[in-house]
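Asks: Everything below, folded, please.
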Amino acid sequence: MHVNLSWLKVEETLTSSLLVFVRGIVMLNAPTSTNKNREDSWFKSLFVRKVDPRKDAHSQLLAKKEDTNLYKIQFHNVKPECLDAYNKASEEVLPSINADSHYPCELIGTWNTWYGEQDQAVHLWRYRGGYPALTEVMNKLRQNKEFMEYRNERGKMLLSRRNQLLLEFSFWNEPTPRPGPNIYELRSYQLRPGTMIEWGNYWARAIEFRQQNSEAVGGFFSQIGSLYMVHHLWAYKDLQSREDTRNAAWQHEGWDEVVYYTVPLIQHMESRIMIPMKTSPLK
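Replies: As a prediction, this is how the structure comes out:
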């Protein structure tokens, strides 16, 4: 077989030139302590596929398999002068839906934001049976005169509202009613697209560091609405116990590693401290 040696030399020269060029960029932008191994790793990362192609959605890999729970979280921004009236109306209507077996849904918790976005109400619902249960509830509520009157009056009290449909992570416990008094923290993370599996892998190990004081309530990721959103719900006795509990996590070997590797996955994060409404199952 005839081999064109001149072409091989040109190709070798171009490859060497590219390597020198890339390393030059690394050296110009990296600290002086950057070593050769780090340069080579960075160079190889340009050409190596890090994630194996998959045919299954991340929801099938991360969500619970033993049931088909679907969650809805609602954020209602209320006119400041209407907050008391909004709370009163919600406390009269929402528990009746929760208690009626005619509706395949459960009110997990309902809160007002204390620190974070002010004059805000947050509601978390669970639909046992997934999307068919959600559709059934929505259709039945349209025939519920009391709810439709509440919804019309509620609309006059709101500045804005939004919601998301969520699945629960398989490694979190299912949210269940708990006695109070507690404050709740909802930590919401907007992840970089394509990083949900990586997030789940780290938190599947990390959650064991945060279970000792029973502060972990639930962990969810979005399916509809703002995508690549993660919500972690925590319960504490007060703000000081929250501070003590979070600081104690750093004493566990491995927690620092979880933080180190998950922070780069985040585009934006938000923390809400919430107070349960009177009729919230999570007190």
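
Asks: how about stretch 217-236: buried residues?
Replies: 217-223, 228-236 (16 or more other CB atoms under 10 Å). Just so you know, the C-beta spots here come from the backbone N, C-alpha and C atoms, and that holds for glycine as well.

Asks: Just flag the most distant two among those.
Replies: Spatial extent of the buried residues of stretch 217-236 (CB to CB) is set by the pair Gln223 and Tyr236 at 28.0 Å.

Asks: What residue, apart from its backbone neighbours, is nearest Pro104 spatially?
Replies: In space, and not counting its chain neighbours, Pro104 is closest to Ala133: 4.2 Å by CB to CB, 6 or more residues apart in numbering.

Asks: Mind pulling up the pLDDT for Asp84?
Replies: The confidence metric pLDDT takes the value 97 at Asp84.

Asks: burial of Tyr86, as a residue count?
Replies: 20 (other CB atoms under 10 Å).

Asks: What about it? Give its phi and psi, please.
Replies: phi -60, psi -50 (degrees, to the nearest 10).

Asks: so the residue nearest to Pro104 makes contact with Glu106?
Replies: No. Shown here, Ala133 and Glu106 do not form a contact pair, counting by CB atoms under 8 Å, at 10.3 Å.

Asks: low-scoring stretches of the chain, by residue?
Replies: 1-61, 63-67, 212 (pLDDT under 70).

Asks: need the helices for it, in chain order.
Replies: Assigned by DSSP state H, the helices in the chain fall at 5-29, 36-45, 58-62, 83-99, 130-141, 145-157, 196-206, 239-249, 255-262.

Asks: how close does Tyr236 get to Asn163?
Replies: 25 Å (CB to CB, to the nearest Å).

Asks: one step back: now, which of the buried residues of stretch 217-236 sits nearest Gln74?
Replies: His231 (12.3 Å).

Asks: Ignoring the adjacent residues along the chain, who's closest to the closest one?
Replies: Phe220 (4.7 Å).

Asks: Likewise for Gly200?
Replies: Nearest to Gly200 is Leu62, by CB to CB, 6+ apart, at 4.5 Å.

Asks: give the contact list for that neighbour.
Replies: Leu167, Phe169, Ser170, Met196, Ile197, Gly200, Phe221 (CB atoms under 8 Å, 6 or more residues apart in numbering).
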